[in-house]
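*Asks:* Provided below for reference: sequence and predicted model.
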Amino acid sequence: MDPAEIEFLAEKESINIVPNFTHGVMHLIQGDVGPFRPGLPVSVPLWLAVNLRQRQRCRLVRPDWLCVDRLEEVRDQEKEEALFTAMPTTNIFVVANLILDVATADIEKADVVRTVLKDIWDIRQAKLRKSVDGFIQGGHLHSKLNHLQLIELNNVRPLLPHAFDQINRLNLATAGAKRATQSSNSSRSFLTNSLSY
């Protein structure tokens with residue numbers, strides 16, 4: 001799954017907007033949204049909110065979790081815990097990125113929010129690299145990591161097959177060298193025993 005597909009999935013999440021236009025109910029595959037009345041908040045899929053915001057047809061209502069205080073709590077909790085902690089929402093990094101790309105003016109302290117999100121991302125990536133390293137060095141066949149986001153898994157996904165291929169090649173080469181050493185040692189011992197008679 002590439003980042004565009006993950007973004008597509010994340011765009012299905014709902015967000016509140018305040019439209020500046022009038023329109024009836026929209027019948028979408030995902031469900032009905034609306035009616036749209038100027039100044040009255042309405043819940044819409046993120047993809048529609050982004051589209052309307054880009055056309056300056058609404059302003060986005062900041063989600064509760066997209067404020068500096070809440071994100072700093074998440075960052076501090078992530079620092080304290082050895083394991084991954086639950087994020088305030090699924091696809092937090094993708095959703096936040098989409099919102100901040102089109103609606104920076106709608107988010108209070110958007111630059112600080114971006115910085116704190118980057119801190120959380122960096123902390124979690126360091127944990128993920130450490131987990132992957134332990135997984136590979138331990139020679140495990142499967143692993144369970146709770147509270148990971150799809151985009152985080154996607155970030156290390158290309159590494160794992162390549163790493164396992166390299167480990168497999170090294171193991172095969174080591175096994176082949178051991179067999180060659182053992183067979184040459186057994187041939188020598190056979191010759192030595194034959195010559196002593």
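*Replies:* Thanks, I have the structure now.
*Asks:* Which residue ranges of this protein form helices?
*Replies:* For the chain, the helices defined by DSSP state H cover 3-10, 46-54, 68-80, 92-102, 110-138, 150-156, 159-196.
*Asks:* Could you tell me how many residues sit around residue 80?
*Replies:* Residues near residue 80, counting by other C-beta atoms under 10 Å, number 8. In this view, the C-beta of every residue, glycine as well, is placed from N, C-alpha and C.
*Asks:* quick one, longest strand in this structure?
*Replies:* Ranked by residue count and defined by DSSP state E, the top strand of the chain is strand 14-19.
*Asks:* What is it packed up against?
*Replies:* strand 42-45, helix 46-54, strand 58-60 (3 or more C-beta pairs under 8 Å, 6 or more residues apart in numbering; DSSP states H and E).
*Asks:* Tell me the gap between the shortest one and the middle of its chain.
*Replies:* Counting by C-alpha atoms, centre = their mean, to the nearest Å, strand 58-60 is centred 27 Å from the centre of its parent chain.
*Asks:* Give the rounded mean pLDDT of that strand.
*Replies:* The pLDDT scores in strand 58-60 average 93.
*Asks:* that older thread, select, out of the helices and strands packed on strand 14-19, the one closest to residue 182.
*Replies:* helix 46-54 (61.9 Å; C-beta to C-beta).
*Asks:* what is the orientation angle of the closest one with helix 3-10?
*Replies:* Between helix 46-54 and helix 3-10, the angle comes out at 100 degrees (axes from the mean of the first three to the mean of the last three C-alpha atoms, to 10 degrees).
*Asks:* what's the weakest-modelled helix or strand in this protein?
*Replies:* The weakest-scoring helix or strand in the chain, judged by mean pLDDT, DSSP states H and E, is helix 159-196 (a mean of 66).
*Asks:* Can you list phi and psi of the closest residue to residue 57 other than its chain neighbours for me?
*Replies:* Spatially, and ignoring its direct neighbours in sequence, residue 57 is nearest to residue 21 (5.5 Å; C-beta to C-beta, 6 or more residues apart in numbering). Main-chain torsions, residue 21, degrees, to the nearest 10: phi -140, psi 170.
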